[in-house]
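S.K.: Predicted model and sequence below, questions to follow.
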Amino acid sequence: MTKLLFLGPPGAGKGTQAKILAESCQIPHISTGDILREATAKGTPLGQQAKSYMDRGELVPDSLILDLVRDRLSQPDTVSGWILDGFPRNVSQAKFLDDLLQDLNQVYNCAVNLDVPDEVLVSRMLGRGRADDNEETIRRRLEVYREQTTPLIDFYSQRDSLVSVDGDRPISEITAALKDLMTQSQS
């Protein structure tokens, strides 16, 4: 069973790789970013709250994310595995996830950190053409990421469950490296 956490800054390719691997393994790709974007597009109360944070380049507060993740990981299609993309984003979320997985009798294989230089990230995000992707907002999102999310690297390192992957290379090479990693984590 493949159960992976994808870490890394915005624009690192987490979503792209998670989709490829989830399809390959026939398991759900659970992206808090996609769930939030869908909620904002539909104008749900959660979506409206989240949009105000996203438009400023800030992370959506834990309180808006935690119930979403709990509900999703409790669904029957997650029993055979999953790839969690964009969650956890900070140590308190990681602790919540540990407790949640224990309640659900699940464990993750490892936390994968996609490592990409900032200038490459800025270039990638400017190229995707989203309304909230201008250079000032992107740089602010990277700053917020460094402040709030980087401690996760230490959190998972201390648990010997972190694997860093060079995300600054062709998509197919990254996918191959991740498939090798998945094979190793299951043996």
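M.R.: Received, thanks.
S.K.: quick one: contacts for G47?
M.R.: Contact analysis of G47 by C-beta atoms under 8 Å, 6 or more residues apart in numbering lists L36, E38, A39, T40, A41. Just so you know, the C-beta spots here come from the backbone N, C-alpha and C atoms, and that holds for glycine as well.
S.K.: That one belongs to a helix?
M.R.: Yes - counting by DSSP: H, G, I helix; E, B strand; the rest coil, G47 falls inside a helix.
S.K.: Now do it against D133, distance only.
M.R.: Distance, G47 to D133, by C-beta to C-beta, to the nearest Å: 18 Å.
S.K.: next one: Q102
M.R.: Taking C-beta to C-beta, one finds Q102 at 37 Å from D133.
S.K.: who's more crowded, the two?
M.R.: D133 (18 against 10; other C-beta atoms under 10 Å).
S.K.: Let me know whether the more buried one touches S123 as I believe.
M.R.: No - in this structure, D133 is not within contact of S123 by C-beta atoms under 8 Å, at 11.1 Å.
S.K.: Point out where the protein drops to low pLDDT.
M.R.: For the chain, residues meeting the criterion pLDDT under 70 lie at 187.
S.K.: Which stretches in the protein count as strands?
M.R.: Listed in chain order, the strands of the chain (DSSP state E) span 2-7, 29-31, 81-85, 110-115, 162-166.
S.K.: I'd like these laid out as JSON lines, including distance to D62 and mean neighbour count.
M.R.: Formatted as JSON lines, the strands of the chain follow (distance: least, C-beta to C-beta, whole Å; neighbours: other C-beta atoms under 10 Å):
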{"stretch": "strand 2-7", "distance to D62": "16", "mean neighbour count": "24"}
{"stretch": "strand 29-31", "distance to D62": "16", "mean neighbour count": "22"}
{"stretch": "strand 81-85", "distance to D62": "15", "mean neighbour count": "25"}
{"stretch": "strand 110-115", "distance to D62": "18", "mean neighbour count": "21"}
{"stretch": "strand 162-166", "distance to D62": "21", "mean neighbour count": "16"}
